[in-house]
Every structure is written in structure tokens, then in C-alpha cells.
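> All I have is the shape, not the residue letters:
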Ligand SMILES: [Zn+2]
């Protein structure tokens, strides 16, 4: 072989080796990143239970009075909101025939005849916390499809995350706010459904213990609360919290009225929660019972949990139409805000969903802080007849 060619070969081999090393490093980073995701994901912040769970019961005592205690401030890390299982389903798919965490570099080396890619592996996944040109491209696509307003800034924050969840829900993708291969290829394809293609929200959708929602149910018209509700009107406890667009507009109308009547200092502790979030609340509560009562069986811990925490699929929060209203640092029951809410919320289309009188029908103990949007007409009839939602729906049919 001529020395020139030999030299070229050596150079190619060196390039190949460098590429392998880079890709191996990249795949290690993916693994480490995901593991970090798991560890920060596992201990879900206890205070996310706040309103639902404030009331983890004393097992033998009377129905506990929920006392939303002052809650430690938690700055959610991006990983906190990453549904781990879903990440894998999208990121792993391109490597269907090989384990995603084995020798990816080697498989490139065998198939690539051109020089190895310089930086990223073939699959790009975009998620909260990332920045750069690819994020700008994604944001521009979300803007042109009507899911995101404003201008692309290249910063994948809460707004972009919420817009992406809404895009995925309308387009029948896993609505996890992570842009994997399927999401990216659809959003740039020119065939994606726009925000105007979203089906109308069913404001009378029922979620209770006998009518659980499917694991895949995601409301069709979610928005980021902070895109509708100004911070001087209400504090959104967890950035990135979403709810149905119409219900959120009604919330704005209601709280504006309250504030103009001198009732302020509102906080929304929770709104839309997906099925997996709810399952996490259940799991955390079971773990707490197991810690506090080592002699209890898992079944007993679960049944104690279900006294106050809705089983996944049965929480109204999955509808995107329910809000937990609180006052920072204060137990909500008995406050002026609570009294105002109960007296006026129906005027804006909300009902107090769980009351003491209707416990046997709703299947949940009274929750003074939990309101549900049903629309003004339905709310007026429900209040006039002193019904709960189940009774109203029975009367309709
Ligand atoms: Zn609630």
C-alpha cells in the first residue's frame, strides 16, 4: 500500500477511534442522565399531596380535618416532571434491535462509511431545561401550530413544556412534554393537527371511584396557568401547572371579582395531574403508612391510603377541570377566601365538588379547597338543587 494511503487509513482509524470514544461518552451521559432522573423523580415532594393528602388520616380516628400546613418551598428540577417510563419508550425506539445502552458507538462504526457524526447521536430528544437552535426550531413549530404564543427564545422552559404537552395530546402522542423521535417527526411533517383541531372539552366529564379515567386520557385543551393568570392575581404554587383553557379563563374571571371585592392572597396548589402523578401520590402515601406501621400489610396500607387519596384514574385533577384553592401558609377551611369561594364560585361555572353531605355519593370526604369547572349553566342548576355532580348527571339522563 502506498505510504500516502497508509497514512490516510491511519488517520481514518484515528478518527473512527475518536468518534467511538465520543459516542461511548455520550451514551454513558444518557444513562447517567436518566438515572439521575430516576433518583430525583422517586421521592416526589411530599407537599404535592398538599390538598389531596393533607389529610392523610389517623386510621382509627374520625375523618381528618385537612390542615394545609405551611409547605416548604420546592424548586422543581426538570427531572421531577419527567415521566421516566415514557422517556424510554420514545428514546429507545430507534434502537429497537439493540439495547439502547450497549455499544451504540460500535453500531455506528459498522454502518457509517462517512466520517462519524461530530457531536450528537442520531436521535435528538428535547426536554425541559435544554437550550439552543433545536429548541428554537421546536418553539417556532409550536407557535405556527398555535400551541405557543410569543417568540421563540431557544429556552425550553415551562411554557414550551406545556405547549408541547398540549400538542402531543391533540396529536394522540404520549403527552409527556418530551420531544422524542415521534413527536419531532410529526411536528415538522406538515401533517400535525393544530390547536384548532383540538376537540371541545367535555365539561361534564365524570371521574370518580366507579368511573375511572383511562391511563391515556389527557384533556384536549390544556394551557399553562401562568399564561392566563397574572401573578398579582394568584400565586401558582408549582410552575408549569396546567388546566383546561376555558376553566382557567373562568378562574381568572372569578379571582378578579374576588380581588375587586377585597378577597385576595389566592394560591392554586394543584390543577391538572396526569394519571402517573396520581399514582405517585398513592405510592408515596402507601410508603408512609408502611414506615409508620411496619406491622401493617400492604393491602391495609393501600386501603388506608384510598380513604383520602384518589386511586389513579379516579382523581378529578386528571380532567384538567379541577383546582385546589389555598391561601399560602394558612389552613384554607374557615378563611374569608374559603367562604367567598363557596358563596360565589357557581357564578363563574365552578362547584365545590366534595361536600360532607354528599360523601356517600361522591366517594370522597369533604374538601373545602377543591373546585371543579362544569360551566355556568350546570353550576347554577347544581347549586339551586343542592346536588353533587353525580346527581346532576343522573338527572340529565
Ligand atoms: Zn383537589
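That came in fine, so what should we check first? If you're wondering where the values come from, they're calculated on a predicted model, not measured in any experiment.
> quick one: low-confidence ranges for the chain?
Across the chain, the ranges flagged by pLDDT under 70 are 1-123.
> Let's see that with 50 instead.
1-8, 12-16, 18-19, 21-122 (pLDDT under 50).
> Burial check on the residue in it that the ion sits nearest to, number of neighbours?
Closest contact between the chain and the ion, by C-beta to the ion, is at residue 370 (3.6 Å). (Each C-beta comes from the backbone N, C-alpha and C, glycine too.) Per other C-beta atoms under 10 Å, the neighbour tally for residue 370 reads 23.
> ok now do it, which residues does it touch?
By C-beta atoms under 8 Å, 6 or more residues apart in numbering, the contact set of residue 370 is 51, 316, 322, 323, 324, 325, 352, 353, 354.
> Could you confirm residue 247 falls within a helix?
Yes: under DSSP: H, G, I helix; E, B strand; the rest coil, residue 247 sits within a helix.
> Just to check, it is in contact with residue 316?
No: with contact defined as C-beta atoms under 8 Å, residue 247 does not count as touching residue 316 (11.3 Å).
> quick one: which of the two has more around it?
A direct count of neighbours by other C-beta under 10 Å for residue 247 and residue 316 places residue 247 higher, at 30 against 26.
> Can you tell me the closest non-neighbouring residue to that one?
Spatial nearest neighbour of residue 247, chain neighbours left out: residue 373 (3.6 Å); criterion: C-beta to C-beta, 6 or more residues apart in numbering.
> List phi and psi for that neighbour.
Note on residue 373: backbone dihedrals following degrees, to the nearest 10 are phi -80, psi 130.
> Hmm, residue 202 and it touching each other?
No: applying C-beta under 8 Å, one finds residue 373 not in contact with residue 202, separated by 11.4 Å.
> Which one's more surrounded, the two?
Using other C-beta under 10 Å, the more surrounded residue of residue 373 and residue 202 is residue 373, with 30 against 11.
> which strand residues sit across from the more buried one in the sheet?
Note on residue 373: beta-bridge partners by DSSP bridges are residue 350.
> quick one: contacts for it?
Residue 373 makes contact with 203, 244, 246, 247, 250, 251, 321, 322, 323, 349, 350, according to C-beta under 8 Å, 6+ apart.
> What of residue 192?
141, 145, 167, 171, 186.
> That one: helix or strand, and which one exactly?
For residue 192, there is no host helix or strand (DSSP states H and E).
> so how far is residue 168 from it?
Distance, residue 192 to residue 168, by C-beta to C-beta, to the nearest Å: 10 Å.
> Checking my notes, residue 324 in a strand, right?
Yes: assigned with three-state DSSP, residue 324 falls within a strand.
> Pull the number of nearby residues for it.
Each residue near residue 324 was counted by other C-beta under 10 Å, and the total is 22.
> beta partners for it?
Bridge pairing for residue 324 - DSSP bridges - gives residue 270, residue 370.
> Correct me if wrong: it contacts residue 369.
Yes: taking C-beta under 8 Å as the definition, residue 324 is a contact partner of residue 369 at 5.1 Å.
> element containing residue 235?
strand 234-236.
> which strands and helices sit next to that strand?
Applying 3 or more C-beta pairs under 8 Å, 6 or more residues apart in numbering; DSSP states H and E, one finds that strand 234-236 contacts strand 266-270.
> Counting by contacts, list what the strand it packs on packs against.
helix 50-53, strand 234-236, helix 245-260, strand 322-326.
> and with 10 Å instead?
In terms of contacts (3 or more C-beta pairs under 10 Å, 6 or more residues apart in numbering; DSSP states H and E), strand 266-270 is packed against helix 50-53, strand 234-236, helix 245-260, strand 322-326, helix 336-344.
> Distance to residue 297 for the ones you listed - can I get that in CSV?
Listed next are the helices and strands packed on strand 266-270 as CSV, based on distance: least, C-beta to C-beta, whole Å:
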stretch, distance to residue 297
helix 50-53, 21
strand 234-236, 39
helix 245-260, 40
strand 322-326, 31
helix 336-344, 37
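> Select, out of the ones you listed, the one closest to residue 159.
Closest to residue 159 of these, according to C-beta to C-beta: strand 234-236, at 12.3 Å.
> In that closest one, which residues are buried?
234, 236 (16 or more other C-beta atoms under 10 Å).
> That one - which strands sit beside it in the sheet, and in what orientation?
Here strand 234-236 is paired, per DSSP bridges, with strand 266-270 (parallel).
> And the next helix or strand past the strand it pairs with?
Sequence order places helix 275-292 as the next helix or strand after strand 266-270, per DSSP H and E.
> Determine the angle, from 0 to 180 degrees, between the following helix or strand past that next one and helix 275-292.
Sequence order places helix 298-305 as the next helix or strand after helix 275-292, per DSSP H and E. Put simply, helix 298-305 runs at 110 degrees to helix 275-292, going by axes from the mean of the first three to the mean of the last three C-alpha atoms, to 10 degrees.
> What are the buried residues along helix 298-305?
Buried residues in helix 298-305 (16+ other C-beta under 10 Å): 301, 302, 304, 305.
> Much appreciated, bye for now.
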